[in-house]
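Undergrad: fold the following, please.
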Amino acid sequence: TDQGFTVTATRIDGNDGEISIVDPNGSHEGFGVVGAGSGADGELGSNQNGTEAISVKFDEDVSSVDVSMAWQHPGEDAIITFVDRDGNVIESITFKGITDRIDDRGTLAPSNGQDFAEVIFTAPADGTGDDYLINSISFERGVDADGMVTVAEDGTVDLGISGATTDVDGSETIVNYQISGLPEGAVLNIDGVAIDPSEAVDGVYTIDPADIDKISVSPKADDSNDFKLTVTVNIEDVDQQSGHVSTNSSTKELYVKVDAVADTPDLTVSDASGNEDSAIALDITGAVTDTDGSETVTGYTITGVPADAELSAGTKNADGSWSLTSDQLEGLTVTPAENSTEDFTLTVEVSIKDTDPDTGVVTTATKEATIDVTVTPVADAPELDIADVAGVEDQEGGIALNLAADVVGGGEITHFTIGNIPEGVTFSAGEAGENGTWIVTAAQAEGLKVIAPADSGVDFTLSVSATAQEGDSIVTSEPQDLTVAVE
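TA: Presented below is the predicted three-dimensional model:
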């Protein structure tokens, strides 16, 4: 057509179909195939007998198409097939739905970067009932130039320019070459040395014929956009009899195809520390480093998280690693396993992708960093294990108290504190503490006896607490009463 392309529809039975227009100006606006495929009448769908199809044939080869789908939920697939000018299939890809409304555009192209003459939209003919509409299609024409060189992003490529006169009498000579169309930030080089941009006049670089085979180009840093250069060779012809000088020139276009290459991303982390049984803050920041907008962070992976530890966000994978998005890094914490004081090291990997703006080809890159996590021990209050005791007046050696306590988590019992001691009451071991208390170590508590005043048959009640230490952390239990009955 005069638009540069032709759109046709095919029914499930293989016969020519009719293009449908569905929900104009609505939330599912798009076009499909009129017929009895899956979904609503007018969607492009399939059934057990086959699939409907929409074909877009281009008058000239194109390098990519920008497609927006509609009415395609995340569980529905579209099959998109690229075909060359001779009718050979280049590649088929699966395009998944996103919102079930009008989705954002996505750039589609064969993974090998080959130009194509036709793109065909179908649905899986597997009985799943997938269906959709096409909201819009735009396209990028293929190379329209006299020659092409290919260079990787942030690389340099020889232009391979050469010229020759066509006379036979030797009267013609090449005066110079002129190159224009160099994008801002790109650099021309002679024998690997950059040409100062100030040498260009109105964007035109003049090159001596002796240097033309040494010319290379370096695209703008971190930019994968293709561009065209215009190369002109200027020729002078001197008449051997009259000395008259005439000039001539020839101009060609040279297409510079820049293949996107994902740059190593930035990743910044800091070592972390916190208390046992507490959430420990993690500081992780990742970013792309290119400038053309083709790179995006696709996610983060954290490994080394102890088996019973938990991150505050992300998805725990079967192999014990965690997957996170950029948004989930905000306020991220790790909580060690209960009562664990073991330090550990996390490995963080950020992943990015670079989508070539001209071909849609995707490359990826990653970067790793480690975080040393230090867990500070925090002692838990011990649990006393005591009971009332009884003895007789003037019992030889005293009455056994049977003091004991259980440590919760880590650490150990360091001592017991006995208070509320009546006048005349003494103990078989230990030493006086503050405010009339008596202190016995954990070792002294084993076999500790209380000695009532002589000739006294009066019962009395002591208060007992236990103290535990874990690392530099010390904690004392709440005191409990222990009654000593004296008969």
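Undergrad: low-confidence ranges, the stretch 151-300 of the chain, go.
TA: Within the stretch 151-300 of the chain, the ranges that satisfy pLDDT under 70 run 164-171, 239-242.
Undergrad: which residue ranges of it form strands?
TA: Counting by DSSP state E, counting those that start in this stretch, the stretch 151-300 of the chain has strands at residues 157-158, 172-180, 187-190, 193-194, 205-207, 215-218, 227-238, 245-259, 266-270, 272-275, 280-281, 283-287, 295-303.
Undergrad: neighbouring strands of the longest one in the sheet, and parallel or not?
TA: In this case it means strand 245-259. According to DSSP bridges, strand 245-259 has the following sheet partners: strand 147-152 (parallel), strand 227-238 (antiparallel).
Undergrad: got the buried residues for that strand?
TA: Within strand 245-259, the residues scored as buried using 16 or more other CB atoms under 10 Å are 254-259. Using the backbone N, CA and C atoms, a C-beta is placed for each residue, glycine as well.
Undergrad: quick one: distance of stretch 315-330 to the chain centre.
TA: Relative to the centre of its chain, stretch 315-330 is centred 10 Å away, using CA atoms, centre = their mean, to the nearest Å.
Undergrad: okay, among the buried residues of strand 245-259, which ones form the most distant pair?
TA: Maximum pairwise distance in these, criterion CB to CB, is 16.4 Å, between 254 and 259.
Undergrad: tell me which of the strands paired with strand 245-259 is the most buried.
TA: Mean neighbours per residue, mean count of other CB atoms under 10 Å, is largest over the strands paired with strand 245-259 for strand 227-238, with a mean of 18.
Undergrad: what's the angle between that one and strand 172-180?
TA: Here strand 227-238 runs at an angle of 160 degrees relative to strand 172-180 (axes from the mean of the first three to the mean of the last three CA atoms, to 10 degrees).
Undergrad: tell me the average confidence for stretch 368-380?
TA: The pLDDT scores in stretch 368-380 average 92.
Undergrad: right, and out of the buried residues of strand 245-259, which lies closest to residue 131?
TA: Nearest to residue 131 among these is residue 259, at 35.7 Å by CB to CB.
Undergrad: so what sits opposite the closest one in the bridge?
TA: Beta-bridge partners recorded for residue 259 (DSSP bridges): residue 152.
Undergrad: need the contact list for residue 421.
TA: Going by CB atoms under 8 Å, 6 or more residues apart in numbering, residue 421 touches 436-438, 462.
Undergrad: look up how far residue 185 lies from the most centrally placed residue in the chain.
TA: Centroid-nearest residue in the chain, with CA atoms, centre = their mean: residue 299, separated by 1.7 Å. Going from residue 299 to residue 185 by CB to CB, to the nearest Å gives 30 Å.
Undergrad: what does residue 29 give?
TA: Per CB to CB, residue 29 is found 39 Å from residue 185.
Undergrad: of those two, who's got more company?
TA: More crowded of residue 29 and residue 185, by other CB atoms under 10 Å: residue 29, with 18 against 14.
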